[in-house]
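prediction below, plus the sequence it came from.
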Amino acid sequence: MTGVSSQLADWAIGFSLDAAPAEVVHNTKLRLLDVIGVMIASNGHDNVEAARRAVADADAGGRGAHSLMDARATSPANAAFVNGVAAAVLEFDDTHLATNIHATCAIAAAILPVAQSARLSGRQLLEALLVGSEIVCRLGMVTPVRMHEMGFHPTGVYGVFAAAYAVARLRGLPHSQMVDAVGTAASLSSGSIASFEDGTSTKTMHVGFAAAAALRAVALARHGITGPDLVFEGRFGWYRSHVQAETDFNFAALTDELGSRWEVLNIAPKLYPCAYTLMPFISAALALRQQNAIMLAEIREISCAIMPRSFRTVCEPVEDKRRPRSSWHGRISLQHTVAEALALGRFDKSAYAPSSLHDPVINALADKVIHVPDPVAAADTSRSRAVVSITMNDGRVLSHTVEDMLGTSRNPAPDAVYLDKFRANVDGVIAPQLRDELIDRLMTLEAADDVDAVFSRLRH
């Protein structure tokens, strides 16, 4: 029996960049530029440095590859792991809104060391990235059940499959071995969101785990380890084992109009480094601050209307959300996030610093944030909507609504948004000349004969 995985492998192997519309190719380059900027911005972050030390400890003597910003050689899987941590730790990478999957990070993290070490072309890298990111969006659309509600991090559990397709393509695996690799990836698919409760670091490792696991699954297939063809839709397939609820799985979403309808065009960039659900609330809070002369001490209450399905992840328990225990914990807190935006009037890569988490002004504002259900947002989860209403001590109510966040398909972001974000993220990390050169080379990546030549100057 030919499974869905086999059909996806047919497409992944046969795909050519020439078959994609110019809009899709351009979008893929912008997404790569975006995630590279996020990786550069996180250079020096405690968790990224810890990941580097951990892989050296666990796999001493690894060689053949480099993570994006490190001159020290390591194994391709270790490089993919560090890249993944760097891409995810700031919560600043893009999101496919319909599935809540961070769609570019795991694929980019996995394919960069493969393409660099093998001196592959920019065109080959873009093709693999586009294949993987299209597949990961479609994987999330098979079931209407949100993986967060089941206790799983969707980027982690789906990312390993998509990255396996992308890496297998770069490695030149034949069809049968690509199917084997993806079948094996099911046994490496993981991502518990238990750290959502206490703000511990594990969740920031998930993209790295997925990227590294994809390389291992591909290596196993290359050396004869077989994997199930019916890995997705089988009686004991991944969806039935992981989504243990009564639901209809739409496996047709994986292949319907594949190559003609592009789900990657529904991937939205993040303008702020936090859970995507919180982004329109930041925009609304910043707009209120800019449009009104608000005395913070005169605020009585800050009401945020949000879809009820987000209560568990970003609103509750209220006590924990008002006093996040770590930078990562703050990035999934509605209360702290809105308070920090109102207090500081900016939200960039420096957000959620320890000084902000413990700032008495921000903490006092967070105590005034309440969340209420938004039936409009609940009725259409494809939108990125927020309503923030501030009640002042004198009874005035100031309100701002964001219907669709900038960067979504209904409110597309121009190239300048991506470029400005990239420049802000790399500022202070790399020299302006290298920054401008990197932008030029990434936006013309299909012309590069050697991917490593594009990125090697970042290693130090």
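Noted; the coordinates are in hand.

when you work out contacts or count neighbours from here on, use the C-alpha atoms and nothing else.
Will do.

just the strands in the stretch 51-200 of the chain please.
With strands called from DSSP state E, counting those that start in this stretch, the stretch 51-200 of the chain shows them at 95-96.

quick one: the helices in it?
Per DSSP state H, counting those that start in this stretch, the stretch 51-200 of the chain carries helices over the ranges 76-88, 105-117, 122-140, 154-171, 175-185, 195-198.

show me what the longest one is packed against.
Helix 122-140 sits against helix 22-41, helix 105-117, helix 154-171, with contacts defined as 3 or more Cα pairs under 8 Å, 6 or more residues apart in numbering; DSSP states H and E.

got the contact list for residue 64?
Contacts were defined as Cα atoms under 8 Å, 6 or more residues apart in numbering; by that measure residue 64 touches 73-76, 117.

which ones are touching the residue nearest to the spatial centre of the chain?
Residue closest to the average C-alpha location in the chain (Cα atoms, centre = their mean): residue 102, at 2.7 Å. Neighbouring residues of residue 102 by Cα under 8 Å, 6+ apart: 93-96, 155.

what would the contacts of residue 64 look like in CSV with pLDDT?
Putting the contacts of residue 64 into CSV (pLDDT from 0 to 100) gives the following:
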residue, pLDDT
73, 94
74, 95
75, 95
76, 96
117, 96
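
circling back to that earlier point, now the helices of the stretch 51-200 of the chain in CSV, with mean neighbour count and distance to residue 61?
As requested, the helices of the stretch 51-200 of the chain are exported to CSV (neighbours: other Cα atoms under 10 Å; distance: least, Cα to Cα, whole Å):
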stretch, mean neighbour count, distance to residue 61
helix 76-88, 31, 11
helix 105-117, 29, 16
helix 122-140, 26, 27
helix 154-171, 30, 23
helix 175-185, 27, 25
helix 195-198, 16, 31
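
closest one to residue 3 among those?
Checking the helices of the stretch 51-200 of the chain against residue 3 by Cα to Cα gives helix 175-185 as the closest, at 9.3 Å.

mind exporting the C-alpha coordinates of that closest one to CSV?
Output of helix 175-185 as CSV, limited to C-alpha atoms (Å, rounded to 0.1, in the frame of the first residue of the first chain):
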residue,chain,number,x,y,z
HIS,A,175,12.4,7.5,-2.7
SER,A,176,12.4,4.4,-0.6
GLN,A,177,15.0,5.7,1.8
MET,A,178,13.3,9.1,2.1
VAL,A,179,10.1,7.2,3.2
ASP,A,180,12.2,5.2,5.6
ALA,A,181,13.7,8.3,7.1
VAL,A,182,10.3,9.9,7.6
GLY,A,183,8.9,6.7,9.1
THR,A,184,11.8,6.6,11.6
ALA,A,185,11.2,10.3,12.4
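
average model confidence for that helix?
Averaging the model's pLDDT scores along helix 175-185 yields 98.

what's the angle from that helix to helix 154-171?
Inter-element angle recorded for helix 175-185 and helix 154-171: 160 degrees (by axes from the mean of the first three to the mean of the last three Cα atoms, to 10 degrees).

contacts for helix 175-185, please.
5-6, 9-10, 13, 160-161, 164-165, 168-169, 213-214, 217-222, 225-231.
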